[in-house]
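A.B. asks: Let me see the structure of the following:
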Amino acid sequence: MEAALYGPDGFYVRPGGPGPAGHFRTSVHASPRYAGAVARLLRTVDGALGHPERLDLVDVGAGRGELLTGVLAALPPEVAGRVRPYAVERAERPPGLDPRIRWAAEPPEGTTGLLFANEWLDNVPLDVAEDGRYVLVAPDGTETPGGPLDAADRAWLERWWPGAAAGEEGRAEIGRTRDEAWAAAVATLERGLAVAVDYAHTRAARPPFGTLTGFREGREVPPVPDGGCDVTAHVALDACAGPGAALLTQREALTALGVPCGRPPLALASTDPAAYVRALSAAGEAAELTARGGLGDFGWLVQPVGIPPWPPAAGGR
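C.D. replies: Numbers count the residues shown, from 1 in each chain. Got it, this is the predicted structure:
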């Protein structure tokens, strides 16, 4: 998985490629309202921090910088002027990107502000277990049984994926590497809020046969690790969560950020038809972002660092 995604000529680092947007539709690509919501979240964090002179915005798994570009455009000038945006991505910097955006292979240390990872953790490589053993895979996708699980991976499964470590029927994706990657990213934040948004599941409802799959040009394909497709697996976000973290659905999070989930009142069509058409268009975009059974079911892992929880009603772990 590491080689297929990030090795020489890997799916995410291949020079001249279209980037993630050329293969699948994320919330960032679905509507500018998503970037607008992240901009509102950044302003909330800004207030919780006391409006520091420098406000960091770190986009982990930034693709081609689409989210950062949208957030900067959505911010008022007096806030945007204090923002220091970072795109964390292993691919090369795309041409024409806003020069304010710093490009980095790893999250910068000592930041103050918002660290946001949209569909990053699902591409952090992991191992797959079946019948208490590792699953080995060849570059053509052929699978064979591997050796028994090591102690660390077995312990992770015993805690977070009950039954898998004992070799019960089914497959499991060992999320220990995601836990470690998220903890390392959060550790770069001195004060602020860290948010991971992804396809997710929790301990009470792990998928019995796993979720490993591939995507290419908008279609789901077998997860062949030859560099020709995305290789991804849903994230055990509850295992990643650190102290004080809260787990929300995207529908809950975007509702808290003011993204409407309903249609505008029909009476507006009579009193102000143009406003009604604009509101109806906005409602359509919001509906895609918050739809049950779709993007609205994505998990949001929200972890405060030295500031109060967000949203305020979130109790944390």
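A.B. asks: Tell me which helix or strand residue 258 sits in.
C.D. replies: Assessed by DSSP states H and E, residue 258 sits outside every helix and strand.
A.B. asks: I'd like to know how many residues surround it.
C.D. replies: 11 (other CB atoms under 10 Å). Glycine gets a C-beta too; all of them are placed from N, C-alpha and C.
A.B. asks: Apart from its chain neighbours, what residue comes closest to it?
C.D. replies: Counting by CB to CB, 6 or more residues apart in numbering, residue 40 is the residue found nearest to residue 258 once chain neighbours are left out, at 6.3 Å.
A.B. asks: that's a helix at the one you found, yeah?
C.D. replies: Yes: counting by DSSP: H, G, I helix; E, B strand; the rest coil, residue 40 is located in a helix.
A.B. asks: which SSE is residue 115 in?
C.D. replies: Assigning secondary structure by DSSP H and E places residue 115 in strand 111-118.
A.B. asks: meant to ask about residue 184, not that
C.D. replies: Going by DSSP H and E, residue 184 is part of helix 176-187.
A.B. asks: Direction-wise, compare that helix with strand 111-118 and give the angle.
C.D. replies: Helix 176-187 runs at 150 degrees relative to strand 111-118, counting by axes from the mean of the first three to the mean of the last three CA atoms, to 10 degrees.
A.B. asks: I'd assumed residue 188 was in contact with residue 117.
C.D. replies: No: with contact defined as CB atoms under 8 Å, residue 117 does not count as touching residue 188 (11.7 Å).
A.B. asks: neighbour count winner among these two?
C.D. replies: Each of residue 117 and residue 188 has its neighbours counted (other CB under 10 Å); residue 117 has more, 24 against 19.
A.B. asks: Find the nearest non-adjacent residue to that one, please.
C.D. replies: Closest residue in space to residue 117, ignoring its immediate chain neighbours: residue 60 at 3.9 Å, by CB to CB, 6+ apart.
A.B. asks: wait, what's in contact with that neighbour?
C.D. replies: Taking CB atoms under 8 Å, 6 or more residues apart in numbering, we find residue 60 in contact with 88, 107, 115-117, 120, 185.
A.B. asks: Format those as CSV; extra columns: distance to residue 146.
C.D. replies: Converted to CSV, those look like this (distance: CB to CB, whole Å):
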residue, distance to residue 146
88, 32
107, 32
115, 35
116, 35
117, 30
120, 27
185, 29
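A.B. asks: looking at it, residue 230 is touching residue 1, isn't it?
C.D. replies: No: using CB under 8 Å, residue 230 makes no contact with residue 1, being 10.4 Å away.
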